[in-house]
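1. Structure for this input, please:
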Amino acid sequence: MSRRCELTGKKANNAFAISHSHRRTKRLQQVNLQSKRVWWPSGNRWVRLKLSTKAIKTLEIRGLEAMAKEAGINLNHY
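-> Numbering: from 1, shown residues only. Below you'll find the predicted structure:
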């Protein structure tokens, strides 16, 4: 499975690692992904998702149903 947030779609970013002598080499800035069990009230069960930490914070405010609908995810398959 790819390193991508299942709700927001966040993924790795291309960047440069810059040394003291200012040599620039390519590197990847990975997303801070966490495997998280989230309670789905209308489904009356736990759902395991791979989420970025930003998505976890947003999830507490907006709710699982709203974010899954916006991302186009069917929670019955998780």
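2. Strands of the protein, start to end?
-> Assigned by DSSP state E, the chain shows strands spanning 13-18, 24-29, 33-40, 45-52.
3. Please identify the deepest-packed of those strands.
-> Mean neighbour counts were compared across these using mean count of other C-beta atoms under 10 Å; the top stretch is strand 45-52, at a mean of 17. Quick note: C-beta positions are derived from backbone N, CA and C, even for glycine.
4. For that one, which strands pair with it and how are they oriented?
-> strand 33-40 (antiparallel) (DSSP bridges).
5. circling back to that earlier point, out of the strands of the chain, flag the one nearest R3.
-> strand 33-40 (6.1 Å; C-beta to C-beta).
6. avg pLDDT for the closest one?
-> In this model, strand 33-40 has a mean pLDDT of 97.
7. who touches that strand?
-> For strand 33-40, contacts defined as C-beta atoms under 8 Å, 6 or more residues apart in numbering pick out 3, 5, 45-53, 56, 59, 64-65, 75.
8. Need the strands of the chain in CSV (columns: distance to K69).
-> Shown next, in CSV, are the strands of the chain (distance: least, C-beta to C-beta, whole Å):
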stretch, distance to K69
strand 13-18, 26
strand 24-29, 29
strand 33-40, 12
strand 45-52, 14
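9. got the CA coordinates for the longest helix seen in the chain in CSV?
-> Looking across the chain with DSSP state H, the single longest helix is helix 53-62. Presented in CSV, the C-alpha positions along helix 53-62 are these (Å, rounded to 0.1, in the frame of the first residue of the first chain):
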residue,chain,number,x,y,z
THR,A,53,-1.7,13.6,11.8
LYS,A,54,-3.4,16.6,10.3
ALA,A,55,-6.3,14.4,9.2
ILE,A,56,-6.6,13.0,12.7
LYS,A,57,-6.9,16.6,14.1
THR,A,58,-9.5,17.5,11.4
LEU,A,59,-11.4,14.3,12.0
GLU,A,60,-12.1,15.2,15.6
ILE,A,61,-13.7,18.5,14.5
ARG,A,62,-15.6,17.5,11.3
